[in-house]
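Peer 1: here's my sequence, what's the structure:
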Amino acid sequence: MQKRYGIHVLFILTVCFFAFFVNNDAVNVNGPEARNLVTARETAEYRNWTAPTLNGEPRVQKPPLPAWIAALAEQISPDNLVLQRTLAGAMATLAIIFFYMFAIALTRNKLFGLLSALVLATCFSMVMMGRTVDGYSHAYAFMLGAIFFFYRAAAATRTRWWDFVTTGIFLGLAFLSRGLELFYTLFLPFAIAFFILYRPRFRHKAWPTLLMIVAGCLVGGAWPWFAFRSGETIEPFMVFNSRPWYYYWLFFTESGIWSLFLLTGLCGWCWMRGRVALKKEYAFSVLWLLLALLLLTLFPGKSTRYLPSVLIPAALVVGHYVVDVFSRTREGRLTPVDKILFRLNAFLPAALGLGVPVALYMMFYSRLGVFLYILFSLLFLLVSLSILAGGIKLKPLKMFSGMMVMMIMVETFLLSHLAGTFNNPARSSVRVTRQVEELQGLTFYYPAGEALRVELVYEAGRRVLPLDLGADPSPGLLPAVLVSSLPAGEVLPAAWLEQVTTRDLGFYDNNPFQNRGHSPGLTCHLTLLSPRH
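Peer 2: Next up is the predicted model:
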């Protein structure tokens, strides 16, 4: 049994390596990442661990644990994006391992645990989460750990004190990572579904449950305590732009190549629930998914970054469908409807793979060259034909392994080229100013009346402080660098222009992507301000 666990974990770690670590620096840093990385940099530089700042402003109102972890990495290797994203990938991998352990504890079926974990690790939203330094991978790892230990403690006939305590610790760590966000989007729907279908008895578990709550409050209470000492108000649940209730109706597409599998597992509820071997477990997975989707729909602030909370039970639903197909194929019990659905599920990834050579030619041919184009095209054609053959010949293992290989190939061979295609070729980042010797030691300012994007602060590699242009330049202020949305001549008042000399340092366009949400807020003019003698 231990040997089988070891082999399964090795499979999971291999897939996670390609999902989260390979080419993890291909995509440019986004806004949430920049906020976390700037906070980490300032925490490491100014040693303000108990009172983190973002561009000099207090940031205690945000969960501090991801920034603390990033700050430790910053001390080890400053400004190392690969290292920071590697840590995020490590936490995403831990989340997948906890999910694997939970799936086995739920079903006592190691094959189900393995297949469900591999599905989750290759879902589109999970892959992107594990490649982003925004704290979500930490939060999901801790919350899935809490769910695993809580299930084990609640389902056990005897009292498992240590599992309750560990649950509390992980809940506290999840709170320190994303506040109450995952309590609402992940733990609450799980708990409701679990208590409705399993009705666990807590008659002799009142004290361990209380101890769990105390442990969670002690660990998670570090954040409110620091905020109280700093006079700040915490924001336990981040609220994004309000969107219509049907915003998540295409949630299944976030599972990527598993979209049809997920729809089959959900839409086939009427016939699946009567035939799967693990009927209660299947019903629990579907109920958990629907409750998570309902709670996300009811909450006015909506974001695709919440969708991994839905994809976690969705991976269980897909796992049930795949295991059912495996067992029915092995026993020769596939019905005509089963065969049709199975072949349809194989057709989508096979069709995508067969279309890759055309996409490669249209988008990447000039970048790849003849040899790489032919090599990549042949590889994708072979894998696609293998998936298609597995579907036609009703060989689930061949189809499933082919889909895993296709995901690995995309992440290994194409991700960097995809990022290069969508990244802004005209991007000129203020990062280059870090290497200008003349600017070393100078303070960067921006007009106090303007909004400053944190991405500019991250790229500049230093704080960019507000400058009051309504007052005369104070002694010792200059020389300095002005970061402004317009040229200095249009920003500085006449009184300043009489007292300073200006030298244009260039216009910078920090927009990471082309033809998609180009923001004037990510463009800036840099001007060297010197005292007029």
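
Peer 1: when you work out contacts or count neighbours from here on, use the C-alpha atoms and nothing else.
Peer 2: Fine.

Peer 1: using PDB, write down the CA coordinates of the strand or helix carrying Tyr458.
Peer 2: Using DSSP states H and E, Tyr458 sits in helix 454-460. Provided in PDB are the C-alpha atoms of helix 454-460 (Å, rounded to 0.1, in the frame of the first residue of the first chain):
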ATOM      1  CA  VAL A 454       1.500  49.600  -8.000                       C
ATOM      2  CA  GLU A 455       2.900  47.900 -11.100                       C
ATOM      3  CA  LEU A 456       5.000  51.000 -11.600                       C
ATOM      4  CA  VAL A 457       6.300  50.900  -8.100                       C
ATOM      5  CA  TYR A 458       7.300  47.200  -8.500                       C
ATOM      6  CA  GLU A 459       9.100  47.900 -11.800                       C
ATOM      7  CA  ALA A 460      10.900  50.900 -10.400                       C
END
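
Peer 1: what mean pLDDT does it have?
Peer 2: On average, the pLDDT along helix 454-460 is 92.

Peer 1: for it, packing partners?
Peer 2: Counting contacts by 3 or more CA pairs under 8 Å, 6 or more residues apart in numbering; DSSP states H and E, helix 454-460 packs against helix 31-46.

Peer 1: which other residues reach the next helix or strand after the helix it packs on?
Peer 2: The helix or strand immediately downstream of helix 31-46 is strand 53-54, counting by DSSP H and E. By CA atoms under 8 Å, 6 or more residues apart in numbering, the residues outside strand 53-54 that reach it are Arg35, Val38, Thr39, Glu42, Thr43, Arg59, Val60.

Peer 1: quick one: which of those is most hemmed in?
Peer 2: Thr39 (29 neighbours; other CA atoms under 10 Å).

Peer 1: so who does that one touch?
Peer 2: So Thr39 contacts Pro52, Thr53, Leu54, Asn55, Arg59, Ala67, Ala71 (CA under 8 Å, 6+ apart).

Peer 1: domain ranges for this structure, per the record?
Peer 2: 2-237, 334-422, 430-531 (automatic domain parsing).

Peer 1: ok, and the most crowded of the contacts of Thr39?
Peer 2: Counting neighbours by other CA under 10 Å, Ala67 leads those with 28 neighbours.

Peer 1: roughly how far apart are that residue and Ala51?
Peer 2: 11 Å (CA to CA, to the nearest Å).

Peer 1: sorry, back to before: nearest to Phe149, of the contacts of Thr39?
Peer 2: Nearest to Phe149 among the contacts of Thr39: Ala67, at 25.8 Å, using CA to CA.

Peer 1: can you give me the distance of the closest one to Asn30?
Peer 2: 16 Å.

Peer 1: please identify the deepest-packed of the domains of the chain.
Peer 2: domain 2-237 (a mean of 21; mean count of other CA atoms under 10 Å).

Peer 1: my guess is Glu254 contacts Cys123, does it?
Peer 2: Yes. Under the criterion of CA atoms under 8 Å, Glu254 makes contact with Cys123 at 6.7 Å.

Peer 1: thinking Arg59 is in contact with Trp49, fair?
Peer 2: No. Applying CA under 8 Å, one finds Arg59 not in contact with Trp49, separated by 10.9 Å.

Peer 1: common neighbours of Glu254 and Cys123, please.
Peer 2: Counting by CA under 8 Å, 6+ apart, the common neighbours of Glu254 and Cys123 are Leu311.

Peer 1: contact partners for Leu171?
Peer 2: Applying CA under 8 Å, 6+ apart, we find Leu171 in contact with Phe142, Met143, Ala146, Gly216, Gly220.

Peer 1: so where does it fall, helix or strand?
Peer 2: Here Leu171, judged by DSSP H and E, is contained in helix 161-178.

Peer 1: what sits against Leu341?
Peer 2: Contacts of Leu341 by CA under 8 Å, 6+ apart are Thr264.

Peer 1: return the distance of it relative to Trp496.
Peer 2: 72 Å.

Peer 1: what does Tyr100 give?
Peer 2: 63 Å.

Peer 1: residues contacting Ala71?
Peer 2: Contacts for Ala71 (CA under 8 Å, 6+ apart) come out as Leu37, Thr39, Ala40, Arg41, Thr43, Ala44.

Peer 1: which residues of the stretch 1-150 of the chain score low on pLDDT?
Peer 2: 1-3 (pLDDT under 70).

Peer 1: helices of that one, start to end?
Peer 2: 2-16, 31-46, 65-76, 81-107, 110-121, 124-129, 136-155 (DSSP state H, counting those that start in this stretch).

Peer 1: got these as TSV, with distance to Val432 columns?
Peer 2: Putting those into TSV (distance: least, CA to CA, whole Å) gives the following:
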stretch	distance to Val432
helix 2-16	34
helix 31-46	17
helix 65-76	20
helix 81-107	16
helix 110-121	36
helix 124-129	27
helix 136-155	30
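
Peer 1: nearest to Thr209 among the contacts of Thr39?
Peer 2: Nearest member of the contacts of Thr39 to Thr209, counting by CA to CA, is Ala67, at 30.1 Å.

Peer 1: ok, so what distance separates that closest one from Ala139?
Peer 2: 12 Å.

Peer 1: can you check Leu186 too?
Peer 2: For Leu186, the distance to Ala139 - CA to CA - is 11 Å.

Peer 1: please apply the same query to Arg305.
Peer 2: Distance from Arg305 to Ala139, by CA to CA: 12 Å.

Peer 1: the next helix or strand after the helix holding Leu171 - contacts with which helices or strands?
Peer 2: Next in sequence after helix 161-178, counting helices and strands by DSSP H and E, comes helix 181-182. In terms of contacts (3+ CA pairs under 8 Å, 6+ apart), helix 181-182 is packed against helix 136-155.
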